[in-house]
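Novice: my questions are about this predicted structure, shown below with the sequence.
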Amino acid sequence: MTYIEISWLPEEKNEVTMGALISGVFMKSALLMLAIGLAMLSFPGYAEDVRDEEVQFAPGSNGVTIKDTISGHQSINYRLSARAGQSMTIALNSNNTANYFNIFAPGKAPGGEAMYIGSVNGNQYSGTLPLDGVYTVQVYMMRSAARRNEKANYTLDIRIDGTAEDPTSQPPGGFDSKLELQGISFHITSPNQGSINQLVIVPAGLSIDNSVIQREIDGTVTNAEIADLNVDGSPEIYVYINSAGSGSYGQLIAYAVNNKKSLSEIYLPPIENDPKNSRGYMGHDEFAVVENILGRRFPVYRKGDTNAMPTGLTRQLQYKLTQGEASWVLVLDKSIEY
């Protein structure tokens, strides 16, 4: 007969172990409740009415004072550009003690992780900024006050040291354009210095997600347009880029607004995937919105042509915006040569 040996802890040891186990469970529960409590403290009162404001400093100034009012579930997102290493100081003075602000680093947005929580740390902030990009200062009411539909009259002071100009301004030769259509606006900037640049697109007016878009681009921005090609009541933003070098190959970065709530990227199939229309293509693209189409034209090169001397015709491609399976797609509608 085979016996299986079972080892039991001594009774005294069992009591100690069970006591430690129970104590550990209570400790974990307490820590969990504390974390939830802190999270609740920092959570705005279900902001149903959200407004986005782009902050700009007056020429020669490195600060701004904003006076405004919110009530109930309203909140305002103030967006401003700054650079890593600069010092930012923010002070909120309000007649309502339930009125606070949060700060979100570039790439983050309300509803995500905040770099500073006013309801926990107070309504004054001063610190060195960690990243280049657009920062969001969210002013809101705490949940309990929002439910009571309380009102707050406040003054928000924002100062950025280390610059005497509007931090969104671009160097000479940089691209800076603000476009608006159907209640949605975009601020597009690029330094346009060297072959590699940083494209920044700041949307405003979207009801759910106004996250800033930052993309590294190979080339410089030549133009940007806002349109509603598919006539759905929500606009698209089209940014045109030419690569560095003699070819100046055209690129498109574009986003469509989804029912005025958020953005989705628009896909333009590479011209290299189209054997017929890429024949004789050597760059020098030009893009433009014409009524409800996106036009793209370029010179056609014949065999033996130099880059600076095309001898062929000009080819123009016309695209329509359609809803694909997973994203918006620009589909070729017509190709003509003249």
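Specialist: Yep, it's here.
Novice: all contacts plus neighbour counts: C-alpha atoms, from now on.
Specialist: OK.
Novice: domain ranges for this protein, per the record?
Specialist: 49-161, 175-337 (automatic domain parsing).
Novice: end to end, how far does the first one reach?
Specialist: Counting by C-alpha to C-alpha, to the nearest Å, the length from the leading to the trailing residue of domain 49-161 is 32 Å.
Novice: how far does it sit from the chain's center?
Specialist: 17 Å (C-alpha atoms, centre = their mean, to the nearest Å).
Novice: pLDDT on that domain, on average?
Specialist: Average pLDDT, domain 49-161: 92.
Novice: hey, where'd the strands end up in the stretch 151-300 of the chain?
Specialist: Secondary structure of the stretch 151-300 of the chain (DSSP state E, counting those that start in this stretch): strands located at 151-161, 175-181, 184-190, 196-204, 213-218, 220-227, 236-242, 250-258, 262-267, 286-290, 293-299.
Novice: quick one, helices of this structure?
Specialist: 11-41, 118-121, 143-147 (DSSP state H).
Novice: for Pro203, give its distance to Ile184.
Specialist: Pro203 is 7 Å from Ile184, by C-alpha to C-alpha.
Novice: make that Lys303, sorry
Specialist: Lys303 is 46 Å from Ile184, by C-alpha to C-alpha.
Novice: give me the more crowded residue out of the two.
Specialist: More crowded of Lys303 and Ile184, by other C-alpha atoms under 10 Å: Ile184, with 19 against 9.
Novice: for the nearest residue to that one once chain neighbours are set aside, which residues are in contact?
Specialist: Excluding the flanking residues, the one nearest Ile184 by C-alpha to C-alpha, 6 or more residues apart in numbering is Gly205, at 4.9 Å. By C-alpha atoms under 8 Å, 6 or more residues apart in numbering, the contact set of Gly205 is Arg51, Asp52, Gly183, Ile184, Ser185, Lys260.
Novice: which other residues reach stretch 89-98?
Specialist: 100-101, 123-127, 141-142, 145, 151-160.
Novice: how about 7 Å then?
Specialist: The list of residues contacting stretch 89-98 from outside it, by C-alpha atoms under 7 Å, 6 or more residues apart in numbering, reads 123-127, 141-142, 145, 152-160.
Novice: show me which of those are buried.
Specialist: When the contacts of stretch 89-98 are checked for burial by 16 or more other C-alpha atoms under 10 Å, the buried set is 123, 125, 141-142, 145, 152, 154-160.
Novice: all strands of the stretch 1-150 of the chain, in order?
Specialist: Under DSSP E, counting those that start in this stretch, the stretch 1-150 of the chain gives strands at 49-54, 63-71, 74-82, 87-94, 99-104, 116-117, 124-128, 133-141.
Novice: now render these as CSV, adding distance to Glu337.
Specialist: Listed next are the strands of the stretch 1-150 of the chain as CSV, based on distance: least, C-alpha to C-alpha, whole Å:
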stretch, distance to Glu337
strand 49-54, 44
strand 63-71, 53
strand 74-82, 44
strand 87-94, 55
strand 99-104, 50
strand 116-117, 57
strand 124-128, 56
strand 133-141, 43
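Novice: of all those, which lies closest to Arg279?
Specialist: Closest to Arg279 of the strands of the stretch 1-150 of the chain, according to C-alpha to C-alpha: strand 133-141, at 40.3 Å.
Novice: can I get that closest one as PDB, trimmed to CA atoms?
Specialist: This file holds the C-alpha atoms of strand 133-141, laid out as PDB (Å, rounded to 0.1, in the frame of the first residue of the first chain):
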ATOM      1  CA  GLY A 133       4.200  70.000 -28.400                       C
ATOM      2  CA  VAL A 134       0.700  71.200 -27.400                       C
ATOM      3  CA  TYR A 135      -0.400  71.100 -23.700                       C
ATOM      4  CA  THR A 136      -4.000  71.100 -22.600                       C
ATOM      5  CA  VAL A 137      -5.200  72.900 -19.500                       C
ATOM      6  CA  GLN A 138      -8.700  71.600 -18.600                       C
ATOM      7  CA  VAL A 139     -10.800  73.800 -16.400                       C
ATOM      8  CA  TYR A 140     -13.800  72.000 -14.800                       C
ATOM      9  CA  MET A 141     -16.200  71.600 -11.800                       C
END
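Novice: name the residues of that strand that are buried.
Specialist: Quick answer for strand 133-141 (16+ other C-alpha under 10 Å): Gly133, Val134, Tyr135, Thr136, Val137, Gln138, Val139, Tyr140, Met141.
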